[in-house]
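In: Just the structure for this:
(chains A and B)
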Amino acid sequence: MQTAASNSASLPVAQQAASVRTPGPIRHYGRYLYLAINIAILVFLLAPIAIVVVFALNPTPFIQFPPVGVSLRWFEKFFASRDFMHALGFSLEVAVLTTLSATLLGASAALALARGNLPGTRLIVATMLSPLMLPAILTGLALFQTYVLLDVGRPTWGLVAGHTLVTLPYVVRTTLAVLHNFDMRLEEAAQNLGASPVRTFFEVTLPLIKPGVLAGAIFAFIVSFDQFPVSLFLVSPGNETLPVTLFNYLKFDLDGTIGAASVVSIVLAFVVVIGLDRTVGLRSYVKL
Amino acid sequence: MSSTTTTRPNGLALFILPSALMFALFFFLPIGLMALMSVLTGNPVVMPKVAFTTRHYARMVGDPYYLEVIWTTIRIGLVTTLVALAIGYPLAHWMARIKSRAGHALLLMAVLAPMLTGIVVRTFAWMTLLSDKGVVNQTLMSLGLISQPLKLMYTETGIVVGLVHIYVPFMVLTLTGVIGRIDERLEQAAENLGASPLRAFLEVTLPLSLPGILAGSLLVFALAISAYVTPILLGGFQIMTLPILIYQQISANFNVGFAAALGIVLLVISLMLVIAYNRALGLVSGQRELQ
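Out: As a prediction, the model looks like this:
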């Protein structure tokens, strides 16, 4: 594997140079092995998603393989189910509210961190990114206990607050990434040409950081839409998000409805991402 | 982040306040309350007489069952991390070194696609694959390779497979960033000096990517030990991990104090991992500054 790995650099030019140095079949076998291993890994990553689609279309009432046909009955059942439709609507509502609050809070925080000359910036950034690594189930548990102690019940704003906390880091990160690559002389130039700081902000800064903010917003939407551990503690019975409803359904039933619901949520996530990629070019702004 | 100069905070610094308030109210206050609940005998709002106690922690340490749960959680996390590293590294290497833009975009999509699919959905996918009548067993049986279905679900192996699938993208993305920063010419120089590709990889690329290996591993471990959905569905309620136990204490026993104590244990483990992760990534950026 490692022989293969080091060989990956063999692209046209490098390959030519390499074949001059050490001709022979070993290098080629290494290259094939390297590709074979990586393709196997890609299959591992993608096959389960393909399988979900297969079961969403397979008409048998239980999980059966190989599939026997193609039908849309599970999609009909999903879209006809009041529980699932209510959950889907509620999830979208929470995801939209979360995206708005996380984007506003995260983008302004990133601006303050990059430009505000704040002391202890590194520590603040680490703190703001920590919900990404701290178990979300703890965020859920801690908020649940707080709401119980304060006797506020399980309101939607409480759930949105929990979701905002776990999605805000994405916005902070993508916005900071853009701000760091930002040529500050552009702002100076605008001000030298007579623009007020406010006008400079709206006409120079904001348009330039917009891609980072939007990329963060898209992450916030998807993470909120798929969020489970925080929701588990904070949803109220009868007012559950789609992942929680799917989870409760999965505990007892394993039929194609879950497959259909999964396909719907996958398609939704992809539409959002591709839509954003088309409009602002996500890839070039998200540092990976 | 580079603004650690002696200049004073300016007007823009005020933009931090909404987030600071958010974190104070919905992060630090709740975690503080959780820490407080973990050392109280009951809910101070409902019960008039509450006292400080260490009994929740004593219960955890005194009962081998709870220590076993903690160990199971850590064991699953460790195995998940090692497997994720083993399959994440080759893919990350390919992504970091591939020259074709389209190829890179396709690989990135392939890695991101599972991340865009919710945890519940992906766990469902693994249930359909691993169950007794699932895809893997049906295929192996129809090929005549096995006569009895393999017990893949409701085992730790099943949980690890599901967790690896969910968290390997995090490993790949962390490693890709680090490997991508290693100057390819270093490898080429080693090979020009006569090292075999294997030796060049082992003595140049691998050591230089160690901080990334460390950071990715810590990230995956932290995520794996806090997973709830995958262990409960693929473990079929038979394998107990810390997050499952925490939720059970709330939903079935309503023992908020003990749940809080378990939460604090998970929090302390995670905090140590976060600090280690930041240090590992600090090593990476330190390296970059040296170049």
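
In: hey, let's count contacts and neighbours off CA atoms from now on
Out: OK.

In: you'd agree residue A:217 is in a helix?
Out: Yes. Under DSSP: H, G, I helix; E, B strand; the rest coil, residue A:217 sits within a helix.

In: That one is in contact with residue A:101, isn't it?
Out: No. With contacts counted by CA atoms under 8 Å, residue A:217 stays clear of residue A:101, the gap being 9.6 Å.

In: neighbour count winner among those two?
Out: residue A:217 (30 against 22; other CA atoms under 10 Å in any protein chain shown).

In: Provide a list of residues in contact with the most centrally placed residue in chain B.
Out: The geometric centre of chain B, computed from its C-alpha atoms, lies nearest to residue B:223 (CA atoms, centre = their mean), at 2.2 Å. Going by CA atoms under 8 Å, 6 or more residues apart in numbering or on different chains, residue B:223 touches A:133, A:135, B:167.

In: Sort those by pLDDT and name the bottom one.
Out: pLDDT across the contacts of residue B:223 is at its lowest for residue A:133, which sits at 79.

In: Quick check: phi and psi at it.
Out: Backbone geometry at residue A:133, expressed as degrees, to the nearest 10, gives phi -100, psi -30.

In: In a markdown table: the contacts of residue B:223, plus distance to residue A:255 and neighbour count.
Out: A markdown table is the format used below for those (distance: CA to CA, whole Å; neighbours: other CA atoms under 10 Å in any protein chain shown):
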| residue | distance to residue A:255 | neighbour count |
| --- | --- | --- |
| A:133 | 33 | 20 |
| A:135 | 30 | 26 |
| B:167 | 26 | 22 |
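
In: Let's have the residues you listed in a markdown table, adding distance to residue A:155.
Out: Shown next, in a markdown table, are the contacts of residue B:223 (distance: CA to CA, whole Å):
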| residue | distance to residue A:155 |
| --- | --- |
| A:133 | 26 |
| A:135 | 22 |
| B:167 | 31 |
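
In: quick one: which of those residues is nearest residue A:172?
Out: Residue A:172 lies nearest to residue A:133 out of those, by CA to CA, at 14.6 Å.

In: what sits in contact with each of residue A:217 and residue A:101?
Out: Joint contacts of residue A:217 and residue A:101 (CA under 8 Å, 6+ apart) do not exist.

In: For residue A:157, grab the count of nearby residues.
Out: Using other CA under 10 Å: residue A:157 sits among 12 other residues.

In: per-residue pLDDT, residue B:235?
Out: At residue B:235, pLDDT is 91.

In: How about the contacts made by it?
Out: So residue B:235 contacts B:153-156, B:158-159 (CA under 8 Å, 6+ apart).

In: The residue in the stretch 101-250 of chain B positioned nearest to chain A: neighbouring residues, count only.
Out: Nearest residue of the stretch 101-250 of chain B to chain A, counting by CA to the nearest CA: residue B:198, 4.2 Å away. Other residues within reach of residue B:198, judged by other CA under 10 Å, total 18.

In: How about the residue nearest the centre of chain A, nearest residue that isn't a chain neighbour?
Out: Closest residue to the average C-alpha location of chain A: residue A:219 at 4.1 Å, with CA atoms, centre = their mean. Leaving aside its chain neighbours, residue A:219 sits nearest to residue A:170 (6.4 Å; criterion: CA to CA, 6 or more residues apart in numbering or on different chains).

In: Then residue A:113?
Out: Nearest residue to residue A:113, sequence neighbours excluded (CA to CA, 6+ apart): residue A:121, at 6.3 Å.

In: what does residue A:146 give?
Out: Nearest to residue A:146 is residue B:30, by CA to CA, 6+ apart, at 5.5 Å.

In: Need the contact partners of whichever strand or helix holds residue B:110.
Out: Here residue B:110 is covered by helix B:101-115, with elements defined by DSSP states H and E. Outside helix B:101-115, the residues that touch it by CA under 8 Å, 6+ apart are A:42, A:45-46, A:49, B:95, B:98, B:122, B:166, B:169, B:172.

In: got the residues of the stretch 151-291 of chain B near chain A?
Out: B:165, B:173-174, B:176-177, B:184, B:187, B:197-198, B:200-202, B:219, B:222-223, B:226-229, B:233, B:243, B:256, B:260, B:263, B:266-267, B:270-271, B:274 (CA under 8 Å from any CA of the partner chain).

In: Next, count neighbours for the residue of the stretch 1-150 of chain B found nearest chain A.
Out: At 4.0 Å from chain A, residue B:13 is the closest residue in the stretch 1-150 of chain B, using CA to the nearest CA. Residues lying near residue B:13 (other CA under 10 Å) number 21.

In: what's around residue A:151, how many residues?
Out: By the measure other CA under 10 Å, the count of residues near residue A:151 is 10.

In: Phi first, then psi, for it.
Out: According to degrees, to the nearest 10, residue A:151 has phi 60, psi 50.

In: for residue A:239, same thing?
Out: Dihedral angles (degrees, to the nearest 10) for residue A:239: phi -130, psi 70.

In: bridging residues for it?
Out: On the basis of DSSP bridges, residue A:239 is bridged to residue A:236.

In: Compute the distance between it and residue A:83, please.
Out: 9 Å (CA to CA, to the nearest Å).

In: Identify the contacts common to these two.
Out: In contact with both residue A:239 and residue A:83: no residue, using CA under 8 Å, 6+ apart.

In: thinking again about what came up before, let me know the closest of the contacts of residue B:223 to residue B:137.
Out: When the contacts of residue B:223 are compared against residue B:137 (criterion: CA to CA), the nearest one is residue B:167, at 24.2 Å.

In: Next up, identify which helix or strand that closest one is on.
Out: helix B:156-181.

In: And the following helix or strand past that helix, how far out from the chain middle?
Out: Note on helix B:156-181: by DSSP H and E, the next helix or strand toward the C-terminus is helix B:184-192. Offset of helix B:184-192 from its chain centre (CA atoms, centre = their mean, to the nearest Å): 34 Å.

In: Show me what counts as buried in helix B:184-192.
Out: Across helix B:184-192, burial judged by 16 or more other CA atoms under 10 Å in any protein chain shown covers B:187-188, B:190-191.

In: and it, what other elements does it pack with?
Out: helix B:197-200 (3 or more CA pairs under 8 Å, 6 or more residues apart in numbering or on different chains; DSSP states H and E).

In: Which strands or helices does the helix it packs on pack on?
Out: Applying 3+ CA pairs under 8 Å, 6+ apart, one finds that helix B:197-200 contacts helix A:2-6, helix B:184-192.

In: any idea which of those helices scores lowest on pLDDT?
Out: When those are ranked by mean pLDDT, helix A:2-6 comes last with a mean of 43.

In: Kindly state the pLDDT recorded for residue A:277?
Out: The per-residue pLDDT reported for residue A:277 equals 67.

In: what stretches of chain B score poorly on pLDDT?
Out: Scanning chain B for pLDDT under 70 picks out the ranges B:1-7, B:284-291.

In: same check, this time on chain A
Out: Looking at chain A by pLDDT under 70, you get A:1-27, A:63, A:276-288.

In: which residues does residue 84 contact?
Out: Reading this off chain A. A:78, A:242, A:245.

In: looking at chain B here, not the other one
Out: B:164-165, B:167-168, B:171, B:220.

In: Can you name the helix or strand that it falls in?
Out: Using DSSP H and E, residue B:84 sits within helix B:64-97.

In: Same question for residue A:70.
Out: Under the criterion DSSP H and E, no helix or strand holds residue A:70.

In: How about the contacts made by it?
Out: A:57-59.

In: If you rank those by neighbours, which is first?
Out: residue A:58 (25 neighbours).

In: Could you report the distance from that one to chain B?
Out: To chain B, residue A:58 is 12 Å away according to CA to the nearest CA, to the nearest Å.

In: contacts for the helix or strand harbouring the residue nearest to residue A:146?
Out: In this structure, residue B:30 sits in helix B:29-37 according to DSSP H and E. By CA under 8 Å, 6+ apart, the surrounding residues in contact with helix B:29-37 are A:139, A:142-143, A:145-146, B:43, B:256-257, B:260-261, B:263-264.
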